[in-house]
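*Asks:* sequence unavailable; structure follows:
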């Protein structure tokens, strides 16, 4: 079981975990032992609340396929158990990140001091540029 929060738990029956061979360096161990974990989680067929499902499907994440299946591959560690734990933690983080709503931002007006500072800097910059102009001698 994967516990997302106090009330939300994903049973093991909804998670499809398979061991595969890791890629990259690792000597003979990488050729003999299937230590990498391939985790698949079908969002639509899961027991997650509807809000969680909607938010997950809205995410623009490369780990979520067009069919709504989360695919996570963990191969950081040399042991299968550590990779399994990491894959489950990544799934948990993905689900939690989907349901965190961004704070609503309210537009604010610039302060009087910041407006004055901005206008003063514009005036100063204009004076600097006016000094660059060609000097015309009047006789």
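*Replies:* Good, I have the coordinates. Note that the coordinates shown come from a computational prediction; the quantities given were computed from them, not determined experimentally. Numbers count the residues shown, from 1 in each chain.
*Asks:* so residue 71, which state does it fall into?
*Replies:* Classification of residue 71 using DSSP: H, G, I helix; E, B strand; the rest coil returns strand.
*Asks:* if I look at it, how far off is residue 51?
*Replies:* 22 Å (C-beta to C-beta, to the nearest Å). For every residue, glycine as well, the C-beta is placed using N, CA and C.
*Asks:* those two: which is more packed in?
*Replies:* Using other C-beta atoms under 10 Å as the criterion, residue 71 and residue 51 rank with residue 71 on top: 13 against 10.
*Asks:* is it correct that the more buried one is in contact with residue 38?
*Replies:* Yes. Between residue 71 and residue 38 there is a contact at 7.4 Å, judged by C-beta atoms under 8 Å.
*Asks:* now for this protein, the helix or strand with the poorest mean pLDDT.
*Replies:* When the helices and strands of the chain are compared on mean pLDDT, DSSP states H and E, helix 28-32 comes out lowest with a mean of 75.
*Asks:* what ranges do the strands span in this protein?
*Replies:* All strands of the chain, identified by DSSP state E, fall at 2-3, 9-10, 15-20, 36-42, 69-74.
*Asks:* any weak-confidence spans in this structure?
*Replies:* 26, 139 (pLDDT under 70).
*Asks:* give me the buried positions along the least confident helix or strand of the chain.
*Replies:* residue 30 (16 or more other C-beta atoms under 10 Å).
*Asks:* can you give me the neighbour number for the residue nearest to residue 4 when sequence neighbours are not counted?
*Replies:* Residue nearest to residue 4 in three dimensions, not counting chain neighbours: residue 95, with 5.5 Å by C-beta to C-beta, 6 or more residues apart in numbering. For residue 95, the neighbour count with other C-beta under 10 Å is 24.
*Asks:* one more: residue 48?
*Replies:* Residue 48 is flanked by 22 other residues according to other C-beta under 10 Å.
*Asks:* residue 57 now?
*Replies:* Applying other C-beta under 10 Å, we find 12 residues neighbouring residue 57.
*Asks:* so residue 99 touches residue 51, yeah?
*Replies:* Yes. Residue 99 lies in contact with residue 51 (C-beta under 8 Å); the separation is 7.0 Å.
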